[in-house]
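[1] pasting the sequence and the predicted coordinates here, then a few questions.
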Amino acid sequence: MSERDRIVIVGGGIAGQAVAEALRERDPDVAITLICGEDALPYDRIRLSEILVDGSDAATLALRPEEWFADHDVEVLLGRWVEGGDLDAGTLTLDGAEELTFDKLVLATGSQPLLPPIPGIGLPGVHPFRDPADCEAIRQSATTATHAAVIGGGLLGLEAARGIAAQGCDVTVIHLVDRLMERQLDPVSAAMLEPSLADLNIKVRLESATQAITGGDRARGLAFKDGSSMEADLVVVSIGIRPEKTLANTLGLATNRGIVVADSMRTSHERVWSVGECAEHAGMVYGLVAPILEQARVAADTLLDRSAAYTGSILSAKLKVAGIDLVTVGEADGDTSAVVSDAASRTYRKLSVRDGRAVGAILLGDVRGAEALMAAVRAAEEVTDPLDALAAASAAGPADLPDEAQICNCNGVCKGDLVAAVEVDGCTTPREVMSRTRAGTGCGSCKPAVIDIVAMATGGLNDEPAYLCACRKQTREELADQIRTQGLQSVSEVSQCCGTGRDCGACKPALAYLVSEVNDNRHREERHARYINDRVHANIQKDGTFSVVPKMRGGVTTPSELRRIADVAEKYEIPLVKVTGGQRIDLLGVSKEDLPKVWRDLDMPSGFAYAKAVRTVKTCVGEQHCRFGLGDSMGFGVEIEKAWEGLHTPAKVKAGVSGCPRNCAEATIKDIGIVAVEGGWQVRIGGAAGASVREADILDTVETKAEAMRLSTTFLQYYRENADYKERTYDFVPRIGLDEIKRIVTDAQIGAALRERFRLAKAATTDPWLERDDPYHPRQFTDLDQQSEDDGPPTPVVVGPPEEARR
Amino acid sequence: MTFACREDDVPPGEGRNITIEGRRIALFRTDTGWYAVDAVCPHKGGPLADGIVCDHAVTCPLHDRSFDLRTGEGPGEDRIGTYAVEVRAGEVYVAVGVPAASPVAA
Ligand SMILES: Cc1cc2nc3c(=O)[nH]c(=O)nc-3n(C[C@H](O)[C@H](O)[C@H](O)COP(=O)(O)OP(=O)(O)OC[C@H]3O[C@@H](n4cnc5c(N)ncnc54)[C@H](O)[C@@H]3O)c2cc1C
Ligand code: SF4
Ligand code: FES
């Protein structure tokens, strides 16, 4: 044995991991072993419903990556079970055989879901809601089940119900008492919650005691004590937890509901501590993360012989159900209280006071000032006029919060910690602060508050970062980074992982572009995140019809193409045929349902005239025909269009190639323009001929076509990766600066890397018009009363008596 | 209630139009449930079913006005009608003449 003290932690949940981290922060030397009963590194249980909602991979929930354990010299044993041991001798038995020695022991064995001892509880189709396997199973069943029931209307039960509803499955929450979340809410706020749940397709059934789960071979229904029943082929049980104290009992420790601990977090044996959902302190077992983290810090101190005491926690809770904002802290009632409530907008704000001190708050629908109110309750602040205090809180900015105001409840991070991260540790961005303090890395709902405080502390209030969207308060760079590091592949994954729990929708197309760009077009496409133009690959017009522009590279066409275009225009009675400024032919006034047929008959690829993409490369005839021509502008333009076509860009990119400085192709007002000059090619960027005209800047003049192609392609990729969504090159180039762009695109290494990513992205492009034969959905192009590609139109039929409609 | 479509007739996160009892209705299938509203944007007649939906709002594809799918509220005075939707056994039903959100009891 080494002479270092060895602390062994049993249980790799949030509690075990927190103890390991707090110990390592305090003492670089002590030997730490973490024994995980589950076969995975400690993960973030509170984010489990992500698996339920969108099928996230359990691996994305890891609290720390594998390297962290090596870097911090924490030994982890995965999938190992501690069965017993001899506390006086300092030994543990693992999996029946192996012995492990310790100097000090921490039991962080967590809890098991509480399952009521009713008939049918063991039937297939009945699941607890506790670990990744449960979530996976519930998700699976929810896709096929016809009606789900969630037994238990607390925080977790509602979260489970929302996950099930998100799979499109009918769900009813069954609750024993007369109001939801009775531990956190008063009757009025609980009642107000119900319509919001109904909006999410979640039904609620109160005062119902489930007596049995019925169905012979699998769950098919519930029977209630009052004799009524309901159908349910998926049943999720979420009625509470049962602290896991099997090991503690085997070891002979004092237990009650949980493992009994003193203020030092020590159990009845002097060598053994206990932290987390398995521990009982002063008669309380805590089932939330914030108290567990407080306990872990105290335990780490006392394990290292420093004095510290845990004195219990004031509980706060946030409902993690997208679309419902609900924060509560402390008690639901006091001897006096102030309530501001508006039934129409379903907002309810209450501050409860007892003996002149704040003891609790409920914020539903309008959670402004949550941090300030939580701080007031935690500090049991004196309140003379609760209504005043409530109003003041909603107006409070980050500067008004006391340093002790807890901002991140998941990780117990206060405003003071965030400010210190900036002022003492020198962090400058929200991201640095978050990774240093871990604020915002739990459920994520505090991110906007964290960002506000960091902005205040860095004095950056005036130059607010350019957020990708106000609804998520993250910049494009930050989001791109998260997409990259977390391997996110779709807009919904980004919303889940980086969101504030609310999407405004306006930024979905921007995220869709970002996800495709970062993943080199190997992303999971979600059409609902795209503008209608990109859902049906045509340009919507003011009357709701579409325009169709087939590809005509460099403006060069053939008689047979022209003939097909003419035939199509006649066959579909297309009202207008127009030659565009980009040297192509536009068919205007096509109905959405005709699009696939029109494409099929045209038999030409898409011209991308509807997309934020490389559109067209305008050319002049150039040296082949023009007497002034210095270079083959037409051939080169066609070549460039082939090389770039199909690539999406932050905003549309128009290009042009002129055969001499007379510039008939108007290349000097294009996003990327190339002009043949004596002895070479001039490459220009950032031009515009829109509402304002900007002459393109000269990036460089090079000798060969190959060089011109390389340089302009490198710039194109740089723009694809660095421009904000909808930022045209004429804004992008001046923002970055021509010199900086020159430096980057001519740097051999950076340039090569940009071109390699360009190559990858380009390789994954296809002609979207091929969806005419392979639509992403049978109704990609049709409304519900139109013939879809593969079945007849459903004829609306009236079912049920009219009174049903008046329900 | 009138049968409108099967659940999988509308791609997740999108909207489609249907005429029910002579009324053109846009039916949306979103993360938070199904919604039925007037198909036509009160601003300049944009096709709302072609808009982008998120949470419970739709943004018109023509000029980006956004409407609450639960209440029909839009910018300023603009409102659209909302209708009750029910999903039963994979089938979607719409009740024309019944506003979607029953007012919250005070
Ligand atoms: C779906 C869900 C959502 C939640 N959301 C929130 C939220 O939003 N906010 C919040 O504050 N809280 C939330 N909670 C509660 C929170 O997740 C728990 O309080 C917390 O994870 C408990 O951590 P723990 O480490 O004490 O227990 P656990 O996570 O149960 O960890 C205990 C570990 O010990 C292992 N173990 C037990 N006995 C042994 C043994 N003998 N040998 C080896 N290993 C053993 C177990 O396998 C387990 O991995 C949520 C919980 C769930 C299930
Ligand atoms: S730009 Fe020069 S080469 Fe091209 S058509 Fe005009 S004059 Fe001729
Ligand atoms: S038509 Fe809908 S916003 Fe103008």
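    Yep, it's here. Numbers count the residues shown, from 1 in each chain, chains lettered A, B, ... in the order given. Ligands and ions are numbered 1, 2, ... in the order given.
[2] what's the neighbour count on A:Thr545?
    Residues lying near A:Thr545 (other Cβ atoms under 10 Å in any protein chain shown) number 18. To be clear about C-beta, it is placed using only N, CA and C from the backbone, and glycine gets the same treatment.
[3] what kind of secondary structure is the residue nearest to it when sequence neighbours are not counted in?
    Distances taken as Cβ to Cβ, 6 or more residues apart in numbering or on different chains place A:Gly589 nearest to A:Thr545, at 4.9 Å, with adjacent residues excluded. Secondary structure, DSSP: H, G, I helix; E, B strand; the rest coil: A:Gly589 is strand.
[4] my guess is A:Gly589 contacts A:Gln541. True?
    Yes: in this structure, A:Gly589 is within contact of A:Gln541 by Cβ atoms under 8 Å, at 7.1 Å.
[5] between those two, which contacts overlap?
    A:Ser547 (Cβ atoms under 8 Å, 6 or more residues apart in numbering or on different chains).
[6] so between the two, which is more surrounded?
    Comparing A:Gly589 with A:Gln541 by other Cβ under 10 Å, the one with more neighbours is A:Gly589, at 18 against 14.
[7] so how far is A:Ile483 from the more buried one?
    Counting by Cβ to Cβ, to the nearest Å, the gap between A:Gly589 and A:Ile483 amounts to 39 Å.
[8] likewise A:Leu247?
    Taking Cβ to Cβ, one finds A:Leu247 at 41 Å from A:Ile483.
[9] could you do A:Cys660 as well?
    44 Å.
[10] again with A:Gly356
    50 Å.
[11] out of these two, which sits in the busier spot?
    A:Ile483 (23 against 14).
[12] may I have the phi/psi pair for A:Thr782?
    Backbone geometry at A:Thr782, expressed as degrees, to the nearest 10, gives phi -130, psi 150.
[13] please apply the same query to A:Trp599.
    phi -60, psi -40.
[14] with A:Lys104 instead?
    The phi/psi pair for A:Lys104 (degrees, to the nearest 10) is phi -130, psi 150.
[15] what's it in contact with, if anything?
    So A:Lys104 contacts A:5-8, A:271-273, A:303 (Cβ under 8 Å, 6+ apart).
[16] in the stretch 101-250 of chain A, which residue sits closest to chain B?
    A:Asn201 (4.3 Å; Cβ to the nearest Cβ).
[17] I'd assumed A:Asp170 was in contact with that residue.
    Yes: the criterion here is Cβ under 8 Å, and A:Asn201 meets it with A:Asp170 at 6.9 Å.
[18] got any residues that touch both of the two?
    B:Val87.
[19] avg pLDDT for stretch A:724-735?
    Averaging pLDDT along stretch A:724-735 yields 89.
[20] any idea how far apart the tips of it sit?
    End-to-end distance for stretch A:724-735: 11 Å, by Cα to Cα, to the nearest Å.
[21] cool, stretch A:340-360 as well?
    14 Å.
[22] buried ones in it?
    Using 16 or more other Cβ atoms under 10 Å in any protein chain shown as the test for burial, stretch A:340-360 gives A:341, A:346-354, A:358-360.
[23] pick the one among these closest to chain B.
    When those are ranked by distance to chain B (Cβ to the nearest Cβ), A:Arg346 comes first, at 5.8 Å.
[24] correct me, but the closest one touches A:Ser196?
    Yes: counting by Cβ under 8 Å, A:Arg346 does reach A:Ser196; the two are 5.9 Å apart.
[25] what residues are shared contacts of those two?
    Common neighbours of A:Arg346 and A:Ser196 (Cβ under 8 Å, 6+ apart) are A:Gly365.
[26] and the pLDDT for the closest residue to ligand 1 within chain B?
    Residue of chain B nearest ligand 1, by Cβ to the nearest ligand atom: B:Asp31 (18.5 Å). Predicted confidence (pLDDT) for B:Asp31: 81.
[27] domain ranges for chain A?
    Per automatic domain parsing, the domain ranges recorded for chain A read A:6-111+A:243-303, A:126-239, A:464-530, A:613-766.
[28] and the end-to-end length of the first one?
    Which is domain A:6-111+A:243-303. 11 Å.
[29] just grab the bridge partners of the nearest residue to A:Ala370 once chain neighbours are set aside for me.
    Ranked by Cβ to Cβ, 6+ apart and with sequence neighbours excluded, the top spatial neighbour of A:Ala370 is A:Val327, at 4.5 Å. A:Val327 forms beta bridges with A:Lys318, A:Leu363, as assigned by DSSP bridges.
[30] just give me the neighbour total for A:Val327.
    23.
[31] show me the shaky parts of the chain.
    I went with chain A, as the question did not name one. A:1-3, A:441-445, A:460-467, A:469-473, A:498-505, A:788-807 (pLDDT under 70).
[32] not quite, go with chain B.
    Scanning chain B for pLDDT under 70 picks out the ranges B:98-106.
[33] and the strands in it?
    Applying DSSP state E to chain B gives strands spanning B:2-6, B:15-20, B:23-30, B:33-38, B:52-54, B:57-59, B:66-68, B:82-88, B:91-95.
[34] out of those strands, deepest packed?
    Mean neighbour count (mean count of other Cβ atoms under 10 Å in any protein chain shown) peaks for strand B:52-54 among those, with a mean of 26.
[35] so does it get close to chain A?
    Yes: residues of strand B:52-54 are located near chain A by Cβ under 8 Å from any Cβ of the partner chain, namely B:52-54.
[36] related to what we said a few turns ago, surely the residue nearest to A:Ala370 touches A:Leu315?
    No: counting by Cβ under 8 Å, A:Val327 does not reach A:Leu315; the two are 11.7 Å apart.
[37] give me the nearest residue to A:Arg530, chain neighbours excluded.
    A:Ala512 (5.5 Å).
[38] can you name the next helix or strand after the helix or strand where that neighbour lies?
    Mapping A:Ala512 onto the secondary structure by DSSP states H and E places it in helix A:508-518. Using DSSP H and E, the helix or strand that directly follows helix A:508-518 along the chain is helix A:532-536.
[39] can you list contacts of that following helix?
    A:509, A:512, A:527, A:539-540, A:546, A:592, A:595, A:610-611, A:780-781, B:14, B:50-51, B:61.
[40] that helix vs ligand 3: in contact?
    No: if you take Cβ under 6 Å from any ligand atom as the test, helix A:532-536 misses ligand 3, and the best it gets is 12.0 Å.
[41] what packs against the helix or strand hosting A:Gln295?
    With secondary structure defined by DSSP H and E, A:Gln295 is part of helix A:289-303. Applying 3 or more Cβ pairs under 8 Å, 6 or more residues apart in numbering or on different chains; DSSP states H and E, we find helix A:289-303 packed against helix A:14-26, strand A:104-107, strand A:272-274.
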